[in-house]
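Enquirer: task: produce atomic coordinates for the following.
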Amino acid sequence: MDTFDLKIGYLTPKNPIALAPMAGITDSKFAAQFTDHVGMVILGGYNLDERTNEAAVLEVQRGRSEFISDSPLEFLESELQAITSEDTGTAVMVNVRAVDIEAYADAARLAKKYGAGIEINAHCRQSEMIELGAGQSLLEHLDTLQEIIETVRSTGAVVSVKTRANVVDDIDVAQVIEKAGAHIIHIDAMGGHGADINIIRKIRNHTSLFIIGNNSVVDFSSAKSLFQRGADMVSVARAVLNEPNTLRFLVDQITSYQLTTGWYNSPKHICGGGDLRALAFCCLPVKPCAVHSALKMIGMTAEEFAQLKLKFVEGTPLEYGDSTCFGSMTWCCKITKPCFLRDGVLEVVGLSDIDFMQIKKHMSEEILSHRKK
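Expert: Residues are numbered from 1 along each chain as shown. Below is the predicted model:
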């Protein structure tokens, strides 16, 4: 059985760790070092037309690294051929920039031909690209971004959009991306000092997009911070230049965590800053606490919430637990938080930690499927 059971359209990453695109660095040769262990490699960013390649030349002249080609689609196809020549089980995406919308569509068709996905670059902040209306400029022209996504999506390709946080309203951006039909939002959670992890939580609370969290991921602790706020996957960039084994370490650690807990990106508790999925871990809402604010966000009363959870656990081991705080494991917290009352009931009913968390995961999905806002 697949340890993580990840699926994004026709892509099936083997784990939630990705190599991020780095202009002038992440090509097929560089990425091939990691395909035996990472779940996804995102090549690029590649420039798809004459104007973005000319802009890249200017960037190189001032010391930046870029991929430049006189025949961008032929170059892109050669890269796709190289990275997909061996079946490693690693999903492939290509991050691209263009001025011409049809160039995105052409690249998407090529990506799909090789079983890869396409990532629209709404992230590059180099002035040469922004002046063309490419890269980060798209965040301020959401109608254009929506048109690009819809055009690319019409090819049948799996579509991601890489964004930069704290440039415009991130919720507006995510909702446009979702409405236009993209599968993935790849968020550079750039804050004032390091990653703004709460951006991930906000996006998780407002969309059902597959989220790739990025920025300052250098070890398991930093990766876990993004997972606990709702990231489905994390991507690593510069850290691999300093320590190429960073990705292997992360794969090993997140795999161990999944095999131990059964829910690799389980959220922090609501009262600890977790996203709305954490309603599955909340106590019976009988006193003033953060659960009431979370319920207001989804348009659910405390009574409706209580009845929904109780109904969900009927016929499952979680309906037991007279000795727990509220008389049922319905209300118990996540398995990584020590609780001798919960653990005692788990032992009596013969339910493993993993199975407990799997039921809680399904509970979270059930709660959010009833959201009214």
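Enquirer: where does the prediction get shaky in this structure?
Expert: Judged against pLDDT under 70, the low-scoring parts of the chain cover residues 1.
Enquirer: mind doing that once more with 80?
Expert: For the chain, the stretches with pLDDT under 80 are 1, 192, 373.
Enquirer: buried stuff in stretch 198-218?
Expert: 199-207, 209-218 (16 or more other CB atoms under 10 Å). All C-beta spots, glycine's among them, are computed from the backbone N, C-alpha and C.
Enquirer: so which of these sit within helices?
Expert: 199-206 (DSSP state H).
Enquirer: what sits against the closest residue to Cys333 other than its chain neighbours?
Expert: Take Cys333 and drop its neighbours on the chain: the residue closest to it by CB to CB, 6 or more residues apart in numbering is Phe281, 4.9 Å away. Counting by CB atoms under 8 Å, 6 or more residues apart in numbering, Phe281 touches 267, 269-270, 274, 332-334, 360.
Enquirer: let's see 6 Å
Expert: The neighbourhood of Phe281, defined by CB atoms under 6 Å, 6 or more residues apart in numbering, consists of 269, 333-334.
Enquirer: same deal with Arg204?
Expert: By CB under 6 Å, 6+ apart, the contact list for Arg204 reads 230, 275.
Enquirer: that one and Ala32, how far apart?
Expert: Counting by CB to CB, to the nearest Å, the separation of Arg204 from Ala32 is 32 Å.
Enquirer: quick one, domains of the protein?
Expert: 17-261, 270-369 (automatic domain parsing).
Enquirer: so which of these is the most surrounded?
Expert: Per residue and on average, the most neighbours among those fall to domain 17-261, with a mean of 20 (mean count of other CB atoms under 10 Å).
Enquirer: chain center to that domain: distance?
Expert: Remark: domain 17-261 is offset 11 Å from the chain centroid, using CA atoms, centre = their mean, to the nearest Å.
Enquirer: repeat for stretch 244-264
Expert: Taking CA atoms, centre = their mean, the mean C-alpha location of stretch 244-264 is offset from the chain mean by 16 Å.
Enquirer: ok, residues contacting that stretch?
Expert: 3, 15, 17, 34, 37-38, 220, 223, 236, 239-240, 335, 354, 357-358, 361.
Enquirer: looking at these, which are in helices?
Expert: Using DSSP H, the members of the contacts of stretch 244-264 that fall in helices are 220, 223, 239-240, 354, 357-358, 361.
Enquirer: check contacts around Leu11.
Expert: Leu11 is in contact with 91, 117, 158, counting by CB under 6 Å, 6+ apart.
Enquirer: using JSON lines, lay out those together with distance to Leu76 and secondary structure.
Expert: JSON lines is the format used below for the contacts of Leu11 (distance: CB to CB, whole Å; DSSP: H, G, I helix; E, B strand; the rest coil):
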{"residue": "Ala91", "distance to Leu76": "17", "secondary structure": "strand"}
{"residue": "Gly117", "distance to Leu76": "13", "secondary structure": "strand"}
{"residue": "Val158", "distance to Leu76": "16", "secondary structure": "coil"}
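Enquirer: pipe those into JSON lines and attach distance to Ile42 per row.
Expert: Below are the contacts of Leu11 laid out as JSON lines (distance: CB to CB, whole Å):
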{"residue": "Ala91", "distance to Ile42": "9"}
{"residue": "Gly117", "distance to Ile42": "9"}
{"residue": "Val158", "distance to Ile42": "12"}
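Enquirer: Cys339: which of those is nearest?
Expert: Using CB to CB, Ala91 comes nearest to Cys339 of the contacts of Leu11, at 37.1 Å.
Enquirer: where's the closest one relative to Thr246, distance?
Expert: Taking CB to CB as the measure, Ala91 falls 19 Å from Thr246.
Enquirer: what of Val38?
Expert: As judged by CB to CB, Val38 and Thr246 stand 10 Å apart.
Enquirer: any idea what Leu43 is structurally, helix, strand or coil?
Expert: Judged by DSSP: H, G, I helix; E, B strand; the rest coil, the three-state class of Leu43 is strand.
Enquirer: hmm, it is touching Val94, no?
Expert: Yes: if you go by CB atoms under 6 Å, Leu43 and Val94 touch, sitting 4.9 Å apart.
Enquirer: can you show me the strands along this structure?
Expert: Counting by DSSP state E, the chain has strands at residues 17-19, 40-47, 91-97, 117-122, 159-164, 184-188, 210-214, 233-236.
Enquirer: would you list those strands in a markdown table and tack on distance to Ile130?
Expert: Output for those, formatted as a markdown table (distance: least, CB to CB, whole Å):
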| stretch | distance to Ile130 |
| --- | --- |
| strand 17-19 | 25 |
| strand 40-47 | 14 |
| strand 91-97 | 11 |
| strand 117-122 | 11 |
| strand 159-164 | 11 |
| strand 184-188 | 15 |
| strand 210-214 | 20 |
| strand 233-236 | 22 |
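Enquirer: closest one to Met297 among these?
Expert: Closest approach to Met297 among these (CB to CB): strand 210-214, 17.6 Å.
Enquirer: show me what the closest one is packed up against.
Expert: strand 184-188, strand 233-236 (3 or more CB pairs under 6 Å, 6 or more residues apart in numbering; DSSP states H and E).
Enquirer: redo these as JSON lines? Include distance to Gln258.
Expert: JSON lines is the format used below for the helices and strands packed on strand 210-214 (distance: least, CB to CB, whole Å):
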{"stretch": "strand 184-188", "distance to Gln258": "20"}
{"stretch": "strand 233-236", "distance to Gln258": "13"}
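Enquirer: sounds good, over and out.
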